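**Q** Kindly generate the corresponding structure for this input.
(chains A and B)
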Protein chains: 2
Amino acid sequence: MKIGFVQNEPRFGEVEHNLDRLSTLLANHSADLIVLPELFNTGYQFTTREEALKLAEPLSGGRTVEWLMEASRRTQAALVAGLAESSGGRVYNSAVLVRPEGVIGHYRKAHLFDTEKRVFDPGDLPLGVFDIGPARVGIMICFDWRFPETARTLALKGADIIAHPSNLVLKHCPDAMITRCLENRVFAITADRVGTEERVAGQPLRFIGQSQVVDPDGNVLHRASADQEEVKILSVDIRQAREKRINPNNDLFDDRREDLYIAR
Amino acid sequence: MKIGFVQNEPRFGEVEHNLDRLSTLLANHSADLIVLPELFNTGYQFTTREEALKLAEPLSGGRTVEWLMEASRRTQAALVAGLAESSGGRVYNSAVLVRPEGVIGHYRKAHLFDTEKRVFDPGDLPLGVFDIGPARVGIMICFDWRFPETARTLALKGADIIAHPSNLVLKHCPDAMITRCLENRVFAITADRVGTEERVAGQPLRFIGQSQVVDPDGNVLHRASADQEEVKILSVDIRQAREKRINPNNDLFDDRREDLYIAR
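**A** Residues are numbered from 1 along each chain as shown, chains lettered A, B, ... in the order given. Sure thing, here's the model as predicted:
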(Lines give C-alpha, C1' and ligand atoms only; values in the text may rest on other atoms or scores of the structure.)
Protein backbone atom coordinates (compact mmCIF):
# COMPACT_ATOMS: atom_id res chain seq x y z
CA MET A 1 0.00 0.00 0.00
CA LYS A 2 1.31 3.47 -0.89
CA ILE A 3 0.81 6.30 1.57
CA GLY A 4 2.23 9.76 1.95
CA PHE A 5 1.81 13.46 2.54
CA VAL A 6 2.08 16.89 1.01
CA GLN A 7 3.96 19.58 2.93
CA ASN A 8 2.96 22.94 1.47
CA GLU A 9 3.31 26.67 2.14
CA PRO A 10 -0.08 28.30 1.61
CA ARG A 11 -0.56 32.03 1.22
CA PHE A 12 -3.11 33.26 3.73
CA GLY A 13 -6.55 33.70 2.21
CA GLU A 14 -5.48 32.92 -1.36
CA VAL A 15 -7.45 29.74 -1.87
CA GLU A 16 -7.16 29.57 -5.67
CA HIS A 17 -3.43 30.13 -5.55
CA ASN A 18 -3.03 27.47 -2.87
CA LEU A 19 -5.11 24.88 -4.74
CA ASP A 20 -3.17 25.56 -7.94
CA ARG A 21 0.10 25.12 -6.11
CA LEU A 22 -1.16 21.82 -4.68
CA SER A 23 -2.11 20.64 -8.15
CA THR A 24 1.44 21.34 -9.27
CA LEU A 25 2.94 19.57 -6.27
CA LEU A 26 0.72 16.51 -6.76
CA ALA A 27 1.24 16.23 -10.53
CA ASN A 28 2.45 12.77 -11.54
CA HIS A 29 2.06 11.37 -8.00
CA SER A 30 -0.23 8.50 -7.18
CA ALA A 31 -0.90 6.55 -4.01
CA ASP A 32 -3.62 4.89 -1.95
CA LEU A 33 -3.70 7.61 0.70
CA ILE A 34 -2.24 11.12 0.76
CA VAL A 35 -2.59 13.49 3.73
CA LEU A 36 -2.56 17.29 3.34
CA PRO A 37 -2.04 19.81 6.16
CA GLU A 38 -4.60 21.42 8.44
CA LEU A 39 -6.27 24.44 6.78
CA PHE A 40 -4.17 23.65 3.72
CA ASN A 41 -6.28 25.79 1.40
CA THR A 42 -6.60 29.02 3.41
CA GLY A 43 -3.62 29.31 5.73
CA TYR A 44 -3.85 29.22 9.49
CA GLN A 45 -4.04 32.42 11.46
CA PHE A 46 -7.59 33.70 11.32
CA THR A 47 -7.71 36.75 13.54
CA THR A 48 -11.48 36.71 14.05
CA ARG A 49 -14.40 34.34 13.79
CA GLU A 50 -15.88 36.53 11.05
CA GLU A 51 -12.74 36.14 8.97
CA ALA A 52 -12.90 32.36 9.36
CA LEU A 53 -16.58 32.31 8.40
CA LYS A 54 -15.74 34.28 5.27
CA LEU A 55 -13.07 31.78 4.13
CA ALA A 56 -14.86 28.68 5.41
CA GLU A 57 -16.68 26.42 2.98
CA PRO A 58 -19.57 24.01 3.25
CA LEU A 59 -18.57 20.42 2.54
CA SER A 60 -21.36 19.93 0.04
CA GLY A 61 -20.55 21.74 -3.19
CA GLY A 62 -17.69 23.70 -1.69
CA ARG A 63 -14.83 24.74 -3.95
CA THR A 64 -12.16 22.94 -1.95
CA VAL A 65 -14.06 19.66 -1.67
CA GLU A 66 -14.67 19.79 -5.43
CA TRP A 67 -10.93 20.31 -5.94
CA LEU A 68 -10.15 17.41 -3.57
CA MET A 69 -12.50 15.10 -5.52
CA GLU A 70 -10.69 16.02 -8.74
CA ALA A 71 -7.25 15.63 -7.08
CA SER A 72 -8.33 12.23 -5.76
CA ARG A 73 -9.30 11.22 -9.30
CA ARG A 74 -5.93 12.33 -10.65
CA THR A 75 -3.80 10.74 -7.91
CA GLN A 76 -6.04 7.66 -7.50
CA ALA A 77 -5.60 8.30 -3.76
CA ALA A 78 -7.97 8.84 -0.91
CA LEU A 79 -7.08 12.35 0.32
CA VAL A 80 -7.28 13.60 3.88
CA ALA A 81 -7.14 17.39 4.12
CA GLY A 82 -7.87 20.09 6.66
CA LEU A 83 -10.13 23.04 5.92
CA ALA A 84 -12.34 25.60 7.64
CA GLU A 85 -15.87 24.23 7.42
CA SER A 86 -19.00 26.35 7.59
CA SER A 87 -22.17 24.64 8.70
CA GLY A 88 -25.36 26.31 9.90
CA GLY A 89 -23.63 29.47 11.10
CA ARG A 90 -20.91 27.52 12.84
CA VAL A 91 -17.32 27.22 11.72
CA TYR A 92 -15.11 24.22 12.43
CA ASN A 93 -11.44 23.40 12.01
CA SER A 94 -12.27 20.24 10.08
CA ALA A 95 -10.66 17.47 8.10
CA VAL A 96 -12.27 15.46 5.34
CA LEU A 97 -11.47 12.14 3.71
CA VAL A 98 -12.27 12.51 0.03
CA ARG A 99 -12.47 10.12 -2.91
CA PRO A 100 -13.48 10.92 -6.47
CA GLU A 101 -17.11 10.30 -5.57
CA GLY A 102 -17.09 12.72 -2.62
CA VAL A 103 -16.53 13.03 1.12
CA ILE A 104 -16.40 9.64 2.82
CA GLY A 105 -14.97 10.74 6.17
CA HIS A 106 -15.34 13.85 8.28
CA TYR A 107 -13.88 15.10 11.56
CA ARG A 108 -14.05 18.39 13.43
CA LYS A 109 -11.03 19.24 15.61
CA ALA A 110 -11.85 18.41 19.21
CA HIS A 111 -8.89 20.01 20.98
CA LEU A 112 -8.58 23.56 19.71
CA PHE A 113 -5.19 25.22 20.22
CA ASP A 114 -4.80 28.56 21.92
CA THR A 115 -6.56 31.38 20.03
CA GLU A 116 -8.33 28.90 17.75
CA LYS A 117 -10.88 28.83 20.57
CA ARG A 118 -11.90 32.38 19.67
CA VAL A 119 -12.32 31.47 16.01
CA PHE A 120 -13.70 27.93 15.73
CA ASP A 121 -16.49 25.96 17.31
CA PRO A 122 -15.24 22.88 19.17
CA GLY A 123 -15.59 19.57 17.37
CA ASP A 124 -18.92 17.84 17.88
CA LEU A 125 -18.39 14.65 15.87
CA PRO A 126 -17.12 11.32 17.22
CA LEU A 127 -13.49 10.44 16.53
CA GLY A 128 -13.93 8.63 13.24
CA VAL A 129 -12.29 5.70 11.49
CA PHE A 130 -13.03 5.24 7.80
CA ASP A 131 -12.45 2.22 5.57
CA ILE A 132 -10.66 2.98 2.30
CA GLY A 133 -10.21 -0.64 1.26
CA PRO A 134 -6.55 -1.45 1.94
CA ALA A 135 -6.67 0.28 5.35
CA ARG A 136 -8.88 1.84 7.99
CA VAL A 137 -8.00 5.50 8.44
CA GLY A 138 -8.53 7.45 11.67
CA ILE A 139 -8.41 11.24 11.54
CA MET A 140 -7.12 13.70 14.10
CA ILE A 141 -5.86 17.27 13.67
CA CYS A 142 -2.65 18.90 14.95
CA PHE A 143 -2.96 19.67 18.70
CA ASP A 144 -5.08 16.53 19.19
CA TRP A 145 -1.66 14.81 19.45
CA ARG A 146 -1.17 16.23 22.92
CA PHE A 147 -4.08 14.19 24.32
CA PRO A 148 -3.17 10.49 24.29
CA GLU A 149 -6.83 9.54 24.38
CA THR A 150 -7.31 10.84 20.83
CA ALA A 151 -4.97 8.41 19.08
CA ARG A 152 -5.91 5.70 21.57
CA THR A 153 -9.60 6.06 20.77
CA LEU A 154 -8.91 5.93 17.03
CA ALA A 155 -6.74 2.83 17.46
CA LEU A 156 -9.30 1.07 19.64
CA LYS A 157 -11.91 1.88 16.99
CA GLY A 158 -9.76 -0.01 14.49
CA ALA A 159 -7.56 2.59 12.80
CA ASP A 160 -4.53 1.13 11.00
CA ILE A 161 -3.30 4.59 10.01
CA ILE A 162 -3.76 7.90 11.79
CA ALA A 163 -4.05 10.70 9.26
CA HIS A 164 -2.90 13.84 11.04
CA PRO A 165 -3.26 17.14 9.16
CA SER A 166 -1.29 19.72 11.13
CA ASN A 167 0.01 23.28 11.32
CA LEU A 168 2.69 22.79 13.94
CA VAL A 169 4.29 25.67 15.80
CA LEU A 170 5.61 23.78 18.86
CA LYS A 171 8.63 21.55 18.50
CA HIS A 172 7.58 18.39 20.30
CA CYS A 173 4.93 16.85 18.07
CA PRO A 174 7.06 14.94 15.55
CA ASP A 175 8.80 12.95 18.28
CA ALA A 176 5.61 12.55 20.31
CA MET A 177 3.93 10.94 17.30
CA ILE A 178 6.52 8.16 17.57
CA THR A 179 5.12 7.44 21.02
CA ARG A 180 1.57 7.48 19.62
CA CYS A 181 2.57 4.83 17.09
CA LEU A 182 4.44 2.69 19.63
CA GLU A 183 1.63 2.67 22.17
CA ASN A 184 -1.06 1.84 19.61
CA ARG A 185 0.89 -0.03 16.94
CA VAL A 186 -0.49 2.15 14.15
CA PHE A 187 1.01 4.08 11.28
CA ALA A 188 0.79 7.86 11.53
CA ILE A 189 1.05 10.38 8.73
CA THR A 190 1.56 13.91 10.00
CA ALA A 191 1.18 16.42 7.15
CA ASP A 192 2.49 19.79 8.27
CA ARG A 193 3.10 23.08 6.49
CA VAL A 194 6.13 25.36 6.28
CA GLY A 195 6.56 29.12 6.19
CA THR A 196 5.59 32.00 8.43
CA GLU A 197 2.43 33.99 8.98
CA GLU A 198 2.37 37.36 10.68
CA ARG A 199 -1.27 38.36 10.62
CA VAL A 200 -0.91 40.12 13.97
CA ALA A 201 1.96 42.61 13.74
CA GLY A 202 4.91 41.59 15.86
CA GLN A 203 3.51 38.09 16.49
CA PRO A 204 4.86 35.93 13.68
CA LEU A 205 4.00 32.25 13.66
CA ARG A 206 6.64 29.96 12.22
CA PHE A 207 5.51 26.50 11.16
CA ILE A 208 8.01 23.71 11.71
CA GLY A 209 7.41 21.43 8.73
CA GLN A 210 8.92 18.00 9.49
CA SER A 211 5.92 16.17 8.09
CA GLN A 212 6.49 12.48 8.57
CA VAL A 213 5.38 8.89 8.27
CA VAL A 214 5.95 6.67 11.32
CA ASP A 215 5.37 2.91 11.45
CA PRO A 216 3.92 0.78 14.29
CA ASP A 217 7.43 -0.04 15.53
CA GLY A 218 8.16 3.65 16.01
CA ASN A 219 10.42 3.96 12.99
CA VAL A 220 10.32 7.32 11.25
CA LEU A 221 10.09 6.12 7.63
CA HIS A 222 10.56 9.64 6.34
CA ARG A 223 10.68 13.10 7.87
CA ALA A 224 10.53 16.19 5.69
CA SER A 225 12.60 19.33 6.11
CA ALA A 226 11.61 22.24 8.35
CA ASP A 227 11.30 24.76 5.54
CA GLN A 228 10.69 23.24 2.10
CA GLU A 229 7.57 22.11 0.31
CA GLU A 230 7.59 18.38 -0.42
CA VAL A 231 5.49 15.47 -1.54
CA LYS A 232 6.50 12.08 -0.18
CA ILE A 233 4.91 8.75 -1.04
CA LEU A 234 6.20 5.43 0.30
CA SER A 235 5.17 1.79 0.49
CA VAL A 236 4.09 0.17 3.73
CA ASP A 237 2.72 -3.20 4.76
CA ILE A 238 -0.48 -2.41 6.61
CA ARG A 239 -0.51 -5.83 8.30
CA GLN A 240 2.11 -4.43 10.70
CA ALA A 241 -0.64 -2.32 12.27
CA ARG A 242 -3.02 -5.24 12.68
CA GLU A 243 -0.59 -7.19 14.87
CA LYS A 244 -0.85 -5.70 18.35
CA ARG A 245 1.50 -8.29 19.85
CA ILE A 246 5.05 -7.07 20.42
CA ASN A 247 6.32 -10.47 21.62
CA PRO A 248 4.69 -13.85 22.32
CA ASN A 249 3.46 -12.66 25.72
CA ASN A 250 2.40 -9.03 25.19
CA ASP A 251 -0.53 -7.78 23.14
CA LEU A 252 -0.82 -4.00 23.54
CA PHE A 253 -4.62 -4.08 23.47
CA ASP A 254 -5.27 -7.28 25.44
CA ASP A 255 -2.78 -6.21 28.12
CA ARG A 256 -4.63 -2.98 28.90
CA ARG A 257 -5.71 -2.87 32.55
CA GLU A 258 -8.99 -1.05 32.24
CA ASP A 259 -9.76 -2.04 35.82
CA LEU A 260 -6.99 0.34 36.95
CA TYR A 261 -7.46 3.27 34.59
CA ILE A 262 -9.54 6.29 35.42
CA ALA A 263 -10.87 8.91 33.08
CA ARG A 264 -10.86 11.52 35.84
CA MET B 1 13.01 20.47 45.88
CA LYS B 2 15.83 18.00 45.20
CA ILE B 3 15.04 14.86 43.22
CA GLY B 4 17.11 12.23 41.51
CA PHE B 5 17.92 8.63 40.77
CA VAL B 6 20.45 5.87 41.20
CA GLN B 7 21.50 3.88 38.14
CA ASN B 8 23.13 0.67 39.36
CA GLU B 9 24.41 -2.66 38.06
CA PRO B 10 23.20 -5.39 40.40
CA ARG B 11 24.62 -8.90 40.43
CA PHE B 12 21.82 -11.43 40.01
CA GLY B 13 20.73 -12.96 43.31
CA GLU B 14 23.42 -11.25 45.40
CA VAL B 15 21.19 -9.07 47.53
CA GLU B 16 23.77 -8.21 50.22
CA HIS B 17 26.37 -7.26 47.66
CA ASN B 18 23.85 -5.11 45.79
CA LEU B 19 22.65 -3.30 48.93
CA ASP B 20 26.26 -2.65 49.97
CA ARG B 21 27.02 -1.22 46.55
CA LEU B 22 23.96 1.03 46.78
CA SER B 23 25.11 2.25 50.20
CA THR B 24 28.43 3.20 48.63
CA LEU B 25 26.77 4.94 45.69
CA LEU B 26 24.43 6.91 47.95
CA ALA B 27 27.08 7.93 50.48
CA ASN B 28 27.14 11.72 51.00
CA HIS B 29 24.05 12.28 48.82
CA SER B 30 20.88 13.83 50.12
CA ALA B 31 17.62 14.84 48.47
CA ASP B 32 13.86 14.94 48.93
CA LEU B 33 13.17 12.03 46.57
CA ILE B 34 15.48 9.41 45.06
CA VAL B 35 14.29 6.66 42.71
CA LEU B 36 16.07 3.30 42.39
CA PRO B 37 15.59 0.80 39.56
CA GLU B 38 13.10 -2.04 39.25
CA LEU B 39 14.28 -5.18 41.11
CA PHE B 40 17.30 -3.14 42.17
CA ASN B 41 18.28 -5.55 44.92
CA THR B 42 18.06 -8.93 43.15
CA GLY B 43 18.62 -8.37 39.44
CA TYR B 44 16.01 -8.98 36.79
CA GLN B 45 15.90 -12.25 34.97
CA PHE B 46 14.17 -14.80 37.17
CA THR B 47 13.89 -17.95 35.11
CA THR B 48 11.06 -19.48 37.17
CA ARG B 49 8.40 -18.43 39.60
CA GLU B 50 10.08 -20.58 42.28
CA GLU B 51 13.32 -18.67 41.86
CA ALA B 52 11.44 -15.38 42.26
CA LEU B 53 9.64 -16.63 45.36
CA LYS B 54 13.01 -17.59 46.85
CA LEU B 55 14.48 -14.10 46.37
CA ALA B 56 11.25 -12.21 47.04
CA GLU B 57 10.73 -10.50 50.39
CA PRO B 58 7.72 -9.49 52.42
CA LEU B 59 7.39 -5.75 52.85
CA SER B 60 6.99 -6.02 56.60
CA GLY B 61 10.31 -6.84 58.23
CA GLY B 62 12.00 -7.72 54.95
CA ARG B 63 15.73 -7.16 54.64
CA THR B 64 15.47 -4.79 51.69
CA VAL B 65 12.75 -2.61 53.21
CA GLU B 66 14.83 -2.38 56.39
CA TRP B 67 17.81 -1.29 54.29
CA LEU B 68 15.63 1.28 52.45
CA MET B 69 14.43 2.74 55.77
CA GLU B 70 18.05 3.14 56.88
CA ALA B 71 19.08 4.59 53.50
CA SER B 72 16.16 7.03 53.70
CA ARG B 73 17.40 8.12 57.13
CA ARG B 74 20.93 8.67 55.79
CA THR B 75 19.90 10.52 52.62
CA GLN B 76 16.96 12.35 54.22
CA ALA B 77 15.09 11.35 51.05
CA ALA B 78 11.91 9.47 50.37
CA LEU B 79 13.10 6.46 48.33
CA VAL B 80 11.18 4.68 45.61
CA ALA B 81 12.63 1.28 44.75
CA GLY B 82 11.59 -1.87 42.91
CA LEU B 83 11.76 -5.32 44.48
CA ALA B 84 10.24 -8.78 44.21
CA GLU B 85 7.52 -8.90 46.87
CA SER B 86 6.22 -12.08 48.44
CA SER B 87 2.75 -11.97 49.93
CA GLY B 88 0.57 -14.94 50.84
CA GLY B 89 2.18 -17.31 48.34
CA ARG B 90 2.06 -14.73 45.58
CA VAL B 91 5.00 -12.86 44.13
CA TYR B 92 4.78 -9.39 42.65
CA ASN B 93 7.12 -7.11 40.70
CA SER B 94 6.57 -4.27 43.16
CA ALA B 95 7.80 -0.83 44.04
CA VAL B 96 7.72 0.79 47.44
CA LEU B 97 7.99 4.36 48.66
CA VAL B 98 9.97 4.30 51.88
CA ARG B 99 10.78 6.85 54.56
CA PRO B 100 12.75 6.30 57.76
CA GLU B 101 9.54 5.26 59.54
CA GLY B 102 8.61 2.63 56.94
CA VAL B 103 6.69 1.97 53.74
CA ILE B 104 4.34 4.83 52.89
CA GLY B 105 3.55 3.86 49.29
CA HIS B 106 3.19 0.56 47.48
CA TYR B 107 2.52 -0.50 43.89
CA ARG B 108 2.50 -3.84 42.09
CA LYS B 109 3.41 -3.75 38.39
CA ALA B 110 0.21 -3.89 36.35
CA HIS B 111 1.65 -4.44 32.86
CA LEU B 112 4.08 -7.34 33.07
CA PHE B 113 6.63 -7.55 30.25
CA ASP B 114 7.12 -10.70 28.21
CA THR B 115 8.32 -13.65 30.32
CA GLU B 116 7.63 -11.75 33.57
CA LYS B 117 4.13 -13.14 33.09
CA ARG B 118 5.46 -16.61 33.89
CA VAL B 119 7.18 -15.38 37.04
CA PHE B 120 5.06 -12.69 38.68
CA ASP B 121 1.43 -12.26 39.61
CA PRO B 122 -0.18 -9.27 37.89
CA GLY B 123 -0.57 -6.13 39.99
CA ASP B 124 -3.77 -5.97 42.01
CA LEU B 125 -3.40 -2.56 43.65
CA PRO B 126 -4.75 0.75 42.33
CA LEU B 127 -2.29 3.10 40.64
CA GLY B 128 -1.17 5.07 43.67
CA VAL B 129 -0.15 8.65 44.37
CA PHE B 130 1.58 9.36 47.68
CA ASP B 131 2.20 12.67 49.43
CA ILE B 132 5.78 13.20 50.61
CA GLY B 133 5.29 16.83 51.65
CA PRO B 134 6.91 18.90 48.89
CA ALA B 135 5.32 16.74 46.16
CA ARG B 136 2.81 14.04 45.37
CA VAL B 137 4.55 11.00 43.90
CA GLY B 138 2.90 8.52 41.54
CA ILE B 139 4.56 5.16 40.96
CA MET B 140 4.73 3.05 37.83
CA ILE B 141 7.24 0.39 36.79
CA CYS B 142 9.16 -0.01 33.53
CA PHE B 143 6.84 -1.43 30.79
CA ASP B 144 3.90 0.50 32.28
CA TRP B 145 5.28 3.37 30.16
CA ARG B 146 3.93 1.74 27.01
CA PHE B 147 0.31 2.22 28.15
CA PRO B 148 -0.56 5.93 28.16
CA GLU B 149 -3.39 5.31 30.61
CA THR B 150 -0.88 4.50 33.37
CA ALA B 151 0.82 7.91 33.56
CA ARG B 152 -2.50 9.59 32.72
CA THR B 153 -4.24 7.92 35.64
CA LEU B 154 -1.42 8.91 38.00
CA ALA B 155 -1.52 12.50 36.76
CA LEU B 156 -5.29 12.74 37.06
CA LYS B 157 -4.97 11.39 40.60
CA GLY B 158 -2.70 14.33 41.38
CA ALA B 159 0.86 13.12 40.81
CA ASP B 160 3.42 15.92 40.42
CA ILE B 161 6.23 13.45 39.82
CA ILE B 162 6.10 9.99 38.30
CA ALA B 163 8.67 7.73 39.94
CA HIS B 164 9.50 5.07 37.37
CA PRO B 165 11.81 2.24 38.51
CA SER B 166 12.85 0.39 35.36
CA ASN B 167 14.98 -2.35 33.84
CA LEU B 168 14.85 -1.26 30.21
CA VAL B 169 15.84 -3.52 27.36
CA LEU B 170 13.98 -1.76 24.50
CA LYS B 171 15.29 1.51 23.16
CA HIS B 172 12.18 3.67 22.98
CA CYS B 173 11.27 4.36 26.60
CA PRO B 174 13.54 7.33 27.41
CA ASP B 175 12.11 9.39 24.55
CA ALA B 176 8.56 8.18 25.15
CA MET B 177 8.77 9.44 28.74
CA ILE B 178 9.18 12.93 27.29
CA THR B 179 5.75 12.48 25.72
CA ARG B 180 4.35 11.25 29.06
CA CYS B 181 5.59 14.46 30.71
CA LEU B 182 4.32 16.73 27.94
CA GLU B 183 0.84 15.23 27.85
CA ASN B 184 0.40 15.32 31.64
CA ARG B 185 2.65 18.20 32.66
CA VAL B 186 4.42 16.12 35.30
CA PHE B 187 8.02 15.42 36.18
CA ALA B 188 9.22 11.88 35.55
CA ILE B 189 12.20 10.13 37.10
CA THR B 190 13.12 6.95 35.27
CA ALA B 191 15.71 4.96 37.26
CA ASP B 192 17.19 2.27 35.05
CA ARG B 193 20.04 -0.18 35.49
CA VAL B 194 23.07 -1.01 33.35
CA GLY B 195 24.90 -4.22 32.56
CA THR B 196 23.96 -7.57 31.07
CA GLU B 197 22.32 -10.73 32.39
CA GLU B 198 22.53 -14.07 30.66
CA ARG B 199 20.58 -16.40 32.90
CA VAL B 200 19.37 -18.38 29.87
CA ALA B 201 22.38 -19.46 27.81
CA GLY B 202 22.52 -17.69 24.47
CA GLN B 203 19.83 -15.18 25.45
CA PRO B 204 21.67 -12.26 27.00
CA LEU B 205 19.65 -9.26 28.15
CA ARG B 206 21.41 -5.92 27.88
CA PHE B 207 19.97 -3.07 29.91
CA ILE B 208 20.13 0.37 28.31
CA GLY B 209 20.75 2.66 31.27
CA GLN B 210 19.89 6.24 30.27
CA SER B 211 18.10 6.94 33.53
CA GLN B 212 16.70 10.42 33.37
CA VAL B 213 14.73 13.27 34.87
CA VAL B 214 12.25 15.04 32.58
CA ASP B 215 10.30 18.18 33.43
CA PRO B 216 6.67 19.09 32.56
CA ASP B 217 7.83 21.04 29.50
CA GLY B 218 9.46 17.90 28.10
CA ASN B 219 13.01 19.01 28.85
CA VAL B 220 15.41 16.19 29.70
CA LEU B 221 17.11 17.75 32.73
CA HIS B 222 19.65 14.95 32.85
CA ARG B 223 20.10 11.63 31.09
CA ALA B 224 22.67 9.11 32.36
CA SER B 225 24.99 7.03 30.21
CA ALA B 226 24.07 3.66 28.73
CA ASP B 227 26.67 1.70 30.67
CA GLN B 228 27.90 3.38 33.86
CA GLU B 229 26.56 3.44 37.38
CA GLU B 230 25.56 6.94 38.47
CA VAL B 231 23.76 8.92 41.13
CA LYS B 232 22.19 12.18 39.99
CA ILE B 233 20.38 14.70 42.15
CA LEU B 234 19.02 17.99 40.83
CA SER B 235 16.80 20.84 41.92
CA VAL B 236 13.34 21.37 40.44
CA ASP B 237 10.44 23.71 41.07
CA ILE B 238 7.48 21.43 41.64
CA ARG B 239 5.01 24.26 40.93
CA GLN B 240 5.71 23.66 37.24
CA ALA B 241 3.75 20.40 37.50
CA ARG B 242 0.77 22.03 39.19
CA GLU B 243 0.18 24.41 36.29
CA LYS B 244 -1.65 22.43 33.63
CA ARG B 245 -2.12 25.48 31.39
CA ILE B 246 0.32 25.70 28.50
CA ASN B 247 -0.98 29.08 27.31
CA PRO B 248 -3.83 31.39 28.36
CA ASN B 249 -6.36 29.28 26.44
CA ASN B 250 -5.27 25.66 26.95
CA ASP B 251 -5.36 23.68 30.18
CA LEU B 252 -4.31 20.08 29.46
CA PHE B 253 -6.77 18.65 31.97
CA ASP B 254 -9.73 20.98 31.44
CA ASP B 255 -9.41 20.58 27.65
CA ARG B 256 -9.84 16.81 27.77
CA ARG B 257 -12.84 15.71 25.72
CA GLU B 258 -14.05 12.81 27.78
CA ASP B 259 -17.28 12.84 25.77
CA LEU B 260 -15.25 11.61 22.76
CA TYR B 261 -12.86 9.14 24.37
CA ILE B 262 -13.55 5.46 24.62
CA ALA B 263 -11.85 2.92 26.80
CA ARG B 264 -12.63 0.15 24.33
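
**Q** contacting residues for the spatially closest residue to A:C173 that is not a sequence neighbour?
**A** Setting aside the residues directly before and after it, A:C173 is nearest to A:W145 in space (CB to CB, 6 or more residues apart in numbering or on different chains), at 5.2 Å. Yep, even glycine has a C-beta here, placed from its N, CA and C like the rest. When contacts are counted by CB atoms under 8 Å, 6 or more residues apart in numbering or on different chains, A:W145 touches A:151, A:164, A:166, A:173, A:176-177, A:180, A:190.

**Q** What is the nearest of those residues to chain B?
**A** Nearest to chain B among the contacts of A:W145, counting by CB to the nearest CB, is A:A176 at 4.5 Å.

**Q** Does the closest one belong to a helix, a strand or coil?
**A** Following DSSP: H, G, I helix; E, B strand; the rest coil, A:A176 is assigned to helix.

**Q** count of neighbours near it?
**A** For A:A176, the neighbour count with other CB atoms under 10 Å in any protein chain shown is 23.

**Q** ok, now which ones touch it?
**A** Going by CB under 8 Å, 6+ apart, the list of residues near A:A176 reads A:145-146, B:178-179, B:182-183.

**Q** Let's have those residues in CSV, adding distance to B:V96 and pLDDT.
**A** Formatted as CSV, the contacts of A:A176 follow (distance: CB to CB, whole Å; pLDDT from 0 to 100):
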residue, distance to B:V96, pLDDT
A:W145, 35, 98
A:R146, 32, 98
B:I178, 26, 98
B:T179, 27, 98
B:L182, 28, 98
B:E183, 27, 98
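
**Q** quick revisit: may I ask which of the contacts of A:W145 has the most neighbours?
**A** Among the contacts of A:W145, A:H164 has the most neighbours (other CB under 10 Å), with 34 neighbours.

**Q** picking that back up, select from the contacts of A:W145 every entry located in strands.
**A** Of the contacts of A:W145, the ones assigned to strands by DSSP state E are A:164, A:190.

**Q** can I get the contacts of A:W145 in CSV with pLDDT?
**A** Formatted as CSV, the contacts of A:W145 follow (pLDDT from 0 to 100):
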residue, pLDDT
A:A151, 98
A:H164, 98
A:S166, 98
A:C173, 98
A:A176, 98
A:M177, 98
A:R180, 98
A:T190, 99
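
**Q** Going by distance to A:R21, which of the contacts of A:W145 wins?
**A** Using CB to CB, A:S166 comes nearest to A:R21 of the contacts of A:W145, at 18.2 Å.

**Q** residues contacting that closest one?
**A** Counting by CB under 8 Å, 6+ apart, A:S166 has contacts A:37-38, A:141-142, A:145, A:173, A:190-193, A:211.

**Q** With A:A159 instead?
**A** Counted by CB under 8 Å, 6+ apart, A:A159 has contacts A:129, A:136-138, A:186.

**Q** for the contacts of A:A176, which one is nearest A:G105?
**A** The closest of the contacts of A:A176 to A:G105 turns out to be A:W145 (CB to CB; 18.7 Å).

**Q** how about the helix or strand A:V96 falls within: buried residues?
**A** Assessed by DSSP states H and E, A:V96 sits inside strand A:90-99. By neighbour count with 16 or more other CB atoms under 10 Å in any protein chain shown, strand A:90-99 contains the buried residues A:91-99.
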